[in-house]
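Q: A predicted structure for the sequence below; I have some questions about it.
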Amino acid sequence: MIRLTASLRRSRLAARVPDQFDPSAHGLVPRAELDDRWPGPPPPLHEAKAAQALADAAWDGDWQTAAAHLEAAGQDWDEHWSRMELLQQVAAEDDGWLDAWRAARPEDGDAATLHALLLLRRAWAIRGSAYAHEVPEERMSRFRQLVPASIEAARKASLAAPGHPGPWVVMVTAARGAQYSPHQFVPLWAELAARAPYHYEGHWQAMQYWCAKWFGSDRQMLEFAEHALRIAPEGSPLAGIYLHALQELEQRGSRLPSGRRAQDLLVAAARSLGTVPAGDRRLPRLRHLLAHHLLRTGLYEEALEQFRLIGPWCGAGPWDDERDIVAAFDLARGTAALGAARRNRS
C-alpha cells in the first residue's frame with residue numbers, strides 16, 4: 001500500500017493515474033528508468049577522486065593544499081563555504097593537519113573559521129538530534145561547553161578576516177544551540193548579510209532560527225523565506241529557501257499557504273531556479289520540492305515541466321518519506337500530467 005502525501009490523498013485526479021498515465025505521452029521518462037538512489041545525476045567520478053586526494057594530502061600533513069583549495073574559491077562565498085564543509089569533514093576524521101595550519105598561520109581567517117566550524121559540528125554530534133529532555137545530561141553539558149567555544153572561535157576568526165562571511169555563518173548556526181534571543185541573533189545576521197547578502201547556507205541556518213520549533217514562528221519564518229525569494233539574484237538557488245520553509249511547515253503539520261498569492265510565489269521560485277546552472281548540486285533537490293508544491297497548489301503544467309527537468313531521478317524529498325519512493329514519485333508526476341492535459345482541453 002502506497003502512502004501518499006496529503007495533497008495527493010485528497011486528489012480525485014490521482015486515483016486515475018494508474019489507468020490513464022502514459023509517461024512518454026507527456027515527455028517523461030518511462031517508469032522502468034526511474035531511479036531512487038539519487039535526487040539528480042550522480043556527481044562525476046573525478047569530483048570524488050579530487051576530494052579523496054585532498055583528504056589524503058591533509059591527513060599526510062599537507063595543510064597547504066587545503067589552504068590553497070579554499071583560497072581558489074575567491075569571493076564566491078557559496079563555493080567557499082562548500083569547500084569549507086568538505087574540509088570540516090576531513091578534519092573531523094583527523095585534525096592534526098588543521099592544528100599545524102593554525103600554528104603556522106595563526107592569523108589565517110580560513111583556518112580559524114574551519115576550527116570554529118569543527119567545534120560547532122562536534123558539539124551537535126555530541127548532542128544528537130533528540131529533543132533536549134531526551135539527551136543525557138553529560139552529553140548536554142559537553143554540548144553547552146562546545147557551542148560557546150565555537151562562537152568565541154568564530155569571533156576571533158572574524159577579527160582575522162574582517163570581510164569573510166564564514167565566521168558569521170558559524171555564529172548564525174550556533175545561535176540556536178546557544179539559545180540566543182532574537183535581540184542577540186539579529187546583529188549576527190546583519191553582519192553576515194553585510195558580507196554575503198545571498199549566502200545560501202547562511203539563509204538556511206537563519207530560516208531554521210526563525211522557525212516555530214526554535215525561536216520564531218511560522219509567520220516569521222515565511223516572511224524571512226519570502227524575502228530570500230524576492231532578493232535571489234540570477235543564477236543563485238537562494239529562492240529555494242522558500243521551498244525549504246514550506247517543507248518545514250508541512251513536516252510540522254502547519255497550515256500551508258494556498259490561493260493565488262501562494263501560486264504566484266511558487267511561479268516566481270520556478271522562474272528564479274530556472275536561471276541556476278544545471279550543475280549546481282543544490283538544484284535537483286529543490287526541483288523535487290518545487291514540483292511537489294506546484295502540484296499541491298494546482299499548478300499542473302508548471303509541475304509537469306519540473307518533472308520533465310528532473311528526469312529519472314527520484315531519490316529526494318518528499319517522495320523519500322514514502323514506503324515506495326518510485327511509486328510515490330510516479331503518482332505525483334502522473335497527477336501533474338493528467339491535470340495539465342485536462343487544463344489544456346478545457
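A: Noted; the coordinates are in hand.
Q: could you pull out the buried residues of the helix or strand containing E85?
A: Taking DSSP states H and E as the definition, E85 sits inside helix 77-93. Of the residues in helix 77-93, those scored as buried under the neighbour-count criterion (16 or more other Cβ atoms under 10 Å) are W77, D78, H80, W81, S82, R83, M84, L86, L87, Q88, V90, A91. Where you see a C-beta, it was placed from the backbone N, CA and C, and this is true even at glycine.
Q: now stretch 65-72
A: Neighbour-count burial for stretch 65-72 [16+ other Cβ under 10 Å]: A66, A67, H69, L70.
Q: pull the contacting residues for R139.
A: Taking Cβ atoms under 8 Å, 6 or more residues apart in numbering as the criterion, R139 is in contact with I126, R127, G128.
Q: I misspoke; the intended subject was R195.
A: Listed by Cβ under 8 Å, 6+ apart, the contact partners of R195 are W77, G163, H164, P165, W168.
Q: same thing with Q208?
A: Contact partners of Q208, counting by Cβ under 8 Å, 6+ apart, are R176, W214.
Q: try 6 Å this time
A: Applying Cβ atoms under 6 Å, 6 or more residues apart in numbering, one finds that Q208 lies in contact with no residue.
Q: so how far is F224 from the closest residue to A175 other than its chain neighbours?
A: Closest residue to A175 in three dimensions, ignoring its sequence neighbours and counting by Cβ to Cβ, 6 or more residues apart in numbering: F185, at 4.9 Å. Distance, F185 to F224, by Cβ to Cβ, to the nearest Å: 11 Å.
Q: and if you look at E33?
A: Here the distance between E33 and F224 works out to 38 Å (Cβ to Cβ).
Q: what about those two, which has more around it?
A: The residue with the greater number of neighbours, taking E33 and F224 and applying other Cβ atoms under 10 Å, is F224; the counts read 20 against 11.
Q: hmm, the more buried one is touching F215, no?
A: No. Assessed by Cβ atoms under 6 Å, F224 is found out of contact with F215, at 12.0 Å.
Q: and for stretch 310-321, what's in contact with it?
A: Where contact means Cβ under 6 Å, 6+ apart, the residues beyond stretch 310-321 that reach it are 5, 29, 33-40, 285, 287-288, 292, 325, 328-329.
Q: that stretch: which residues count as buried?
A: Across stretch 310-321, burial judged by 16+ other Cβ under 10 Å covers I310, G311, P312, W313, C314, G315, A316, G317, P318, W319.
Q: of all those, which comes closest to E234?
A: The shortest separation between E234 and any of these is 21.6 Å, and it belongs to I310 (by Cβ to Cβ).
Q: from E33, how far off is the closest one?
A: Summarising the geometry, the distance separating I310 from E33, computed by Cβ to Cβ, is 12 Å.
Q: what does P237 give?
A: Counting by Cβ to Cβ, the gap from P237 to E33 is 26 Å.
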